[in-house]
Structures are given as C-alpha cells and as structure tokens.
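*Asks:* just coords:
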C-alpha cells in the first residue's frame, strides 16, 4: 500500500514477475483484489496504511494493522523469504529493526544498492540514507556488510572496498572519515583506502562506504546527472537540424542504457543488517520499478545475503 | 608553477587568452621564459615551488619565495586584479587567508563553481572542499556569499538558494543541515529551503549550499557520472553495428556538450570570502582548462564579486 502509485503500480509490478516469483500480497483487500484481474495470487488483508505524513514509528504503535507491519510479521514468521515495500522508508527501517531485529554486532542497518560504473561493472554503495548521522564504528560495520553483500549478491570473490572521501590521501576526509579509517583498516577485508567518487565510478573499488547523508546525496546526484547529460545532449542535437538523423538512430541505445541503469541502480535498496531480506523501493516507483525491486529481493534471497552478512559479523565478533 | 602539467600547460593556457587578458606570469624564470616563444609577457621570478607533498602552510613559512606566495602578494598589493593557480589548493587557501585576509563576517572562505543543470542553466555550488568540517554558522555565511556570487557573476537578479539535503522536508537532513536551517532562514535572501540533488540539478534553485566534504563529493560525482553516461552509451552503440551511423553523427553534439560542461563546471573554483579574486584550477588542468580558469577569474573581476560579497556581509553585520 506504500508509495505514490500504490496499490496499482505495486500490483502491476508484482503481476509482471509472478511467473518466476511466488507472491504474497499484503494490503487493503477491497482495493487490491480488483487489480488482480481474476488471477489467484495469495492476498493478506491489512486494513491500515502508513502514509508519508506518519511518523516512522507508526507501524509499531498506532498502525499495527498496516501492510508494512503485517508483511514484516509474515517475513519474521518465515512465511516469506523477502519483503518489498515502496512505502515510508523510515517506517520500513523502524519496523524491520523492531520486528526482525538487527544481527549481532550491527548497531544500525544500512540501505544498499548498486550504481553503474564507467567500465560496465557495478559499484555497491552504502549507506543510502538509513543513517544520516553516523559514528565511526557504524561506518566500519557498513564496510563489512557491504563486502559480504558484494560476495553474496554480486558473486564477487574478493571485492575491493573503498571509503568515500574528498581525496585518496589519508590526511583528507572529514572528521568521520578520518576516525573510521583505522577501524576499517583493521577489518578482514580487501580495503583499498579512501577513494574519490571519480575513481569509484571508474571501477577502482567494488564497494563504496559512506554515511547515509553523503550516500543519499551521491546516489541522487548520479541519478540527476544522467538526466542532465541526456537532456543537454538532446538540446545540442535539437539546435542543429542536420544532426537529427543521429538523434533518431540514438533512440535504441538510449533505451537500452535507460533500461540497464534504471534496473540496476534504482530497482530498490536492500536493508542490510536485519534478520531478513527487506527491499525498499522508491516512493515514486512505477510498475517496472516495482518489478525490479522484486528482482532485487529475489537476487538477495538466492545469494543468501542474510547468512553471508551474519557470518561476516560473527567472524568479527570472534576475533575482537 | 602549480599542478601536474606546470609550467607548460599553465603558460600555454595563459597564452591562449593573452589577447583579451593582461597577464603577469609568476614562476621560475629559467623554466617559464623558454615557453613564451619570444612573446613579451611580464614575468616575475619566484624561485621556489609548492608541491603536493608540502603542508598547506608552506608558502607562509618555508617557501615564502614560491610562486604561490609571490603571486598572492602582488594581488594584495593591487598589481593584479585576480590570481589563478592550479597548485596545492590547501596552500592557496591558507595563503589567501594569510595574505589577503577574510572579509569581515567571514569565518572561512569557501570554494565555489557552477554545475550544469538539465534546463540548460547553471547552479552555483559551494563549498567544494575548502572546509570539510563545518559549523552551522559557516553554512549560513556560504549561503549569503553564494547568493552574492550568483548576482554579481551570473547576473541573476534574485537567485533562489537551497540547502543541500536528503529530502525537502525540514525534518530531514543531517545534524549540520538541521542546525543551519534556521540560520539560513533568517538571511535576507530568497531561501527555497532544503533541496535534493535531483531537484537542484533540474533547476529548482540557483545556488546550492553544503559543507565542503559533501560539495566535493557532489561535484566529483557529477563529473564522473557524465563520463559513466557517455561511456555506457558508447558501449551500447558499439554492441550494435547498425547504430554506428548514429554514433558518428553524435560526435559534433558530444563535442559541444563537452566544451560547454567542461568550460562552465571545471574551469576553476573561486575562493569566496577573501579580499581578492583567487581562482583555484584543477591540479590536472591542461592548457584549455587553464584558459577556462583565467576566464572564470576575468568574469569574477568584471562582475565585481568581491565588492558584492563584501556588501552582503556588511549588510548582515549591520542588522544582526
């Protein structure tokens, strides 16, 4: 029931992947049922809806019968392998921590996704905004969890981890980065050191770690700059009528580029560090984005990301 | 003498604009003179060079005869209207503060530049890295200085100012943003409120204010994402031989796009808040980037940016 286009886009997105995914829909039955077009997909009624104006704690207190809370309970009970929501991300975070719990050694979960790199690969980026004010110990936990994510979900054998900074010199970085550096140094991972966005997006690292404010700004800047680049390019072409043939023949590659980057980068972010697979999609998600978010969830379940992160955190606990 | 390609690229860039700009070169005479090809351009000998391994305070202590220090002294003495350097940016900052001094009401200068927007306009972005750890009062000063910059240099009559955040709700933002909000509210400017990178690059604001760590990450992410977008687009085209005609006809608009964005965004950053026009170019600047940095400096002098910022700060001092 969450997101700007719910429940229509959510149901349409779910139906698009229903052949390869066993679904359980959760929401207001009278609004969701008519959207199913007679298809027999399990539907669990949840009368309440968490809106963007609600506090993040609404599913824990006033709205315990919301789709957010009910779905999370079913996930915790083992009746689902993963949960996908396009609703209030703060509420999803609070509900996940409350209902599923954080893994041992995790102070706060982080939101993680991948962004496209110039070399055609993907860089894992976290935190994307679950924690706008971080302690250095949290940054170190993100590094360990992000590395486990890259191994489990992307199948990378020895992912290179970088700490996002304003220069690669260890003397650079803000106070948080400088304080986190020695902590990340001590982790049993392949740590590249501080890294600039430029080098990160060129492929120098596989995992890029930062606080949630900076990560959110970076992700949205990537998204916006793709738009700016394509808009200005189109504007240049439109100014010169002789080049319109080029613009026309550019349509197919542009469409593939859009498909590739939107599916990989903006399908949805995994909430990393809780005992379960919870994928948070964009509030503005259309059916295609919802389908992508469900695919992200499936990829996380198949990769065994929860076990991988749990083992990484447990190994750390054993050695410290 | 500063930057990866000095003095060759610096001199070549200067020569490229020498018809429209009255130049004074500062550096090691025996290395610079041969690059002038017999042209009569004033050259001031400075035997020492600040390297990237030097501390930022080198021009103040051990290297008082460096081109950085000597040029700044000439600027302070009124023998030049502006100074351009592609050298150690921390040293440029420290030398400017020491030799020129900060304007009344300015705790710390900020680095400012413009980034391209999807609507074809430009957004003023500051701080770009002069101050990686900021106090809320500094953010408010940046807002006031950035607004004056947009009026003086870009000729905007009533620039809209935004505070970079992870959402437009006032409850979002990190601790610094939330603390700075009421201070920026109180300024005599057209304050839009908190703004996401997405909206900022779409044209919702003319001036975007943040701390130097976040601003540096954002600027470099814009730069890197342009590369990623164009690389991946080229890759898509290369995969489909039938589309190569499109790739060919795309060359001219791409070249214009590159020229437009690189000149506007990466020519150089103005050091805002000191008593003089100091433009800091990229250390990797080639001759074309050096020429752009000199044009930025000229634009700042012609717009009277130092007076404009001084008046804005003085007006604030008078009302507080």
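*Replies:* Ah, there it is. All figures in this text were calculated on a predicted structure; none of them were measured in a lab.
*Asks:* Let's check: the centremost residue of chain A is which one?
*Replies:* In chain A, the residue lying closest to the centroid (C-alpha atoms, centre = their mean) is residue A:269, at 1.1 Å.
*Asks:* Residue A:290 against residue A:87, yeah?
*Replies:* No. Between residue A:290 and residue A:87 no contact is recorded; they are 11.8 Å apart, counting by C-beta atoms under 8 Å. (Each C-beta comes from the backbone N, C-alpha and C, glycine too.)
*Asks:* which residues in the stretch 1-150 of chain A form strands?
*Replies:* A:25-27, A:43-45, A:82-85, A:110-116, A:122-126 (DSSP state E, counting those that start in this stretch).
*Asks:* what about the last one, distance to the chain center?
*Replies:* To tie it back to what came earlier, the one meant is strand A:122-126. 10 Å (C-alpha atoms, centre = their mean, to the nearest Å).
*Asks:* Show me what it is packed up against.
*Replies:* The contact analysis (3 or more C-beta pairs under 8 Å, 6 or more residues apart in numbering or on different chains; DSSP states H and E) places strand A:122-126 against strand A:110-116, helix A:136-154, strand A:207-209, helix A:212-238.
*Asks:* Can you convert these into a markdown table and add a column each for distance to residue B:146?
*Replies:* A markdown table is the format used below for those (distance: least, C-beta to C-beta, whole Å):
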| stretch | distance to residue B:146 |
| --- | --- |
| strand A:110-116 | 28 |
| helix A:136-154 | 29 |
| strand A:207-209 | 28 |
| helix A:212-238 | 17 |
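*Asks:* Rebuild these as JSON lines, extending it with mean neighbour count and mean pLDDT.
*Replies:* Listed next are those as JSON lines, based on neighbours: other C-beta atoms under 10 Å in any protein chain shown; pLDDT from 0 to 100:
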{"stretch": "strand A:110-116", "mean neighbour count": "26", "mean pLDDT": "92"}
{"stretch": "helix A:136-154", "mean neighbour count": "24", "mean pLDDT": "97"}
{"stretch": "strand A:207-209", "mean neighbour count": "30", "mean pLDDT": "98"}
{"stretch": "helix A:212-238", "mean neighbour count": "23", "mean pLDDT": "88"}
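*Asks:* who wins for proximity to chain B among the ones you listed?
*Replies:* Closest of these to chain B is helix A:212-238, at 3.8 Å (criterion: C-beta to the nearest C-beta).
*Asks:* contacting residues for the residue nearest to the centre of chain A?
*Replies:* A:111, A:112, A:113, A:128, A:279, A:280, A:281 (C-beta atoms under 8 Å, 6 or more residues apart in numbering or on different chains).
*Asks:* Now for the residues you listed: which two are most distant?
*Replies:* With distances taken as C-beta to C-beta, the most widely separated pair in those is A:112 and A:281, at 13.6 Å.
*Asks:* right, and residue A:102 touches residue A:110 too?
*Replies:* No. If you go by C-beta under 8 Å, residue A:102 and residue A:110 don't touch, sitting 10.7 Å apart.
*Asks:* Pull up the overlap in contacts between the two.
*Replies:* residue A:273.
*Asks:* Near residue A:182, how many other residues are there?
*Replies:* For residue A:182, the count of nearby residues is 11 (other C-beta atoms under 10 Å in any protein chain shown).
*Asks:* Which pLDDT value goes with it?
*Replies:* Note on residue A:182: pLDDT of 98.
*Asks:* contacting residues for the closest residue to residue A:305 other than its chain neighbours?
*Replies:* Leaving aside its chain neighbours, residue A:305 sits nearest to residue A:152 (4.4 Å; criterion: C-beta to C-beta, 6 or more residues apart in numbering or on different chains). If you count contacts by C-beta under 8 Å, 6+ apart, residue A:152 has them with A:300, A:303, A:304, A:305, A:307, A:308, A:309.
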